[in-house]
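**Student:** Fold the following for me, if possible:
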Amino acid sequence: MKVFVIFGSPRKSANTKRLLNGFLSGLDRSAEIETEYIFDLSPLPCDDCGYCKGVDDCRKKDLDSFFKKLGEADVVVFATPVYNLGLPAPVKALFDRLQRYYNARHERGVIYSFRKERKGVLLVTGGYDSRTGFDVIKKQCQYACNLLNIKPFADIFIPGTDEHPVGNLDLCKAQYLAGEISKEYRNNDN
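**Tutor:** Alright, predicted model coming up:
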C-alpha cells in the first residue's frame, strides 16, 4: 500500500505533525509512506493561462513530480492546520493548480485523469475551538478529491489546539482510522 501524505503545515513538529504521526503509526508496517511538505514545495500559483484547456499538462513544471507521486498512491492523506478559516496559502496554491484536472474534465471530457481510485483521509488541527475552518477545508478537499479520483474515507478534526495540544485520545483515533484503512486495503488486495 502506497501512502502519499500532503503535509500543509509550516511546522514539522507541532500538532498537525503529531496527529499525522499517530495516523501513520497505525498503518501496516508494509505501507510505503512518502510525505510531501507543501511549504517546502512552495507551489507556484495558477494564473489561469489556459494552457491546460487543450492538453493534459501544465505550463509550469514545478509540480510534475508531485502529481506523478499522487497518481501512484493507494491512499492520499491531507494533513493541515486551519489558517484564517481555510487552507494555508501554499496548500491553497496547490489546490488552485488542480485547474488542469478541472479543465481535463470540463474542457476535454476526461472524467478522471487518474484512472486508479484511491482512498482519501483528511487530518485537520485548529487552534481555535470552532468547526467553521474545518468545514471550509473539508468542502475544498471533497471537491479536490472528486477531481483526482480519490474517494473520501474518513476525516479527523482536532479543534482548540492553542489551549490543548493533540492528546493521546486523538492519537488513538488516528491510529484506529489507519488500522481500518489498512484492513480494507488488505481485504481488497486479496
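**Student:** what's in contact with the longest helix seen in the chain?
**Tutor:** Taking DSSP state H as the assignment, the helix of the chain that covers the most residues is helix 168-189. With Cβ atoms under 8 Å, 6 or more residues apart in numbering as the test, helix 168-189 has contacts from 1, 18-28, 31, 74-75, 119, 121, 123, 153-154, 156, 158. (C-beta placed from N, C-alpha, C; glycine too.)
**Student:** Run the chain-centre distance for it.
**Tutor:** Relative to its chain's centre, helix 168-189 lies at 17 Å (Cα atoms, centre = their mean, to the nearest Å).
**Student:** The residue most central in space within the chain sits in which helix or strand?
**Tutor:** By Cα atoms, centre = their mean, the chain has its centre lying nearest to F78, at 2.4 Å. Element membership for F78, per DSSP states H and E: strand 75-81.
**Student:** Does anything pack onto that strand? Which helices or strands?
**Tutor:** Packed against strand 75-81 by the contact rule (3 or more Cβ pairs under 8 Å, 6 or more residues apart in numbering; DSSP states H and E) you find strand 2-7, helix 15-25, strand 118-125, helix 132-147.
**Student:** any idea which of those is most buried?
**Tutor:** strand 118-125 (a mean of 24; mean count of other Cβ atoms under 10 Å).
**Student:** right, and K92 touches T80 too?
**Tutor:** No. The criterion here is Cβ atoms under 8 Å, and K92 misses it with T80 at 10.1 Å.
**Student:** The two: which is more packed in?
**Tutor:** A direct count of neighbours by other Cβ atoms under 10 Å for K92 and T80 places T80 higher, at 24 against 18.
**Student:** And the more buried one, how close does it get to I158?
**Tutor:** Per Cβ to Cβ, to the nearest Å, T80 is found 12 Å from I158.
**Student:** Run through the residues that contact E117.
**Tutor:** By Cβ under 8 Å, 6+ apart, E117 lies in contact with N149, I150, K151.
**Student:** What is the burial count for the first one?
**Tutor:** The local packing of N149 (other Cβ under 10 Å) involves 17 other residues.
**Student:** List the residues that contact it.
**Tutor:** Contacts of N149 (Cβ under 8 Å, 6+ apart): Y112, S113, F114, R115, K116, E117, R118.
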